[in-house]
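>>> Here you go, sequence then predicted model.
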Amino acid sequence: MPRPIQEILDHADELAKRFEDYEPRSEDKRDPSSLEQLRDAVLARSEAERSIRDAVAAARSDGQSWAAIGTMLGTSGEAARQRYGHPQTA
């Protein structure tokens, strides 16, 4: 059974008051450095993947086989072709 609009509005007001009145305790605070480290790692992975895509494109332009490229990537040629053989959209 749907809730009445007034009940929903009252609940929203209650949540807003709880949010406005909230004061974090010292034990609630966390050091964000681990999340910053994770963000940096994700950015580095993204840049590495971009470099790999560029290197695969260069290898293919030079006539290298998918088997050779796959070997360098530590996978099969077919897996390399499936992952890198299609034009990438930015």
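Arrived safely, thanks for sending. Numbers count the residues shown, from 1 in each chain.

>>> from here on, contacts and neighbour counts on C-alpha atoms
Noted.

>>> how about low-confidence regions in this structure?
Per-residue confidence for the chain (pLDDT under 70) gives these ranges: 88-90.

>>> Need the three-state assignment for A59.
helix (DSSP: H, G, I helix; E, B strand; the rest coil).

>>> Check the burial of it by counting its neighbours.
The tally of other residues near A59 (other CA atoms under 10 Å) stands at 15.

>>> how about it, what does it touch?
By CA atoms under 8 Å, 6 or more residues apart in numbering, A59 lies in contact with I69.

>>> Over to Q64?
Q64 neighbours (CA under 8 Å, 6+ apart): none.

>>> Quickly note the distance from it to P24.
Plainly put, Q64 is 59 Å away from P24 if you go by CA to CA, to the nearest Å.

>>> and E7, what helix or strand is that in?
Assigned by DSSP states H and E, E7 falls within helix 5-21.

>>> Buried ones in that helix, by neighbour count?
Of all the residues in helix 5-21, not one is buried under the rule 16 or more other CA atoms under 10 Å.

>>> The most centrally placed residue in the chain sits in which helix or strand?
What sits nearest the mean C-alpha location of the chain, by CA atoms, centre = their mean, is V42, with 6.9 Å. Assigned by DSSP H and E, V42 falls within helix 33-61.

>>> list the buried ones in that helix?
Residues of helix 33-61 classed as buried by neighbour count (16+ other CA under 10 Å): 53, 56-57.

>>> Same check on stretch 80-89?
Result for stretch 80-89 [16+ other CA under 10 Å]: buried residues 80-81, 84.

>>> Stretch 72-81 now?
Quick answer for stretch 72-81 (16+ other CA under 10 Å): 76-77, 79-81.

>>> what's the span of that stretch, first residue to last?
End-to-end for stretch 72-81, by CA to CA: 13 Å.

>>> Which residues does it contact?
65-71.

>>> Just the closest of the buried residues of stretch 72-81 to P2, please.
Closest to P2 out of the buried residues of stretch 72-81 is A79 (51.0 Å), distances taken as CA to CA.
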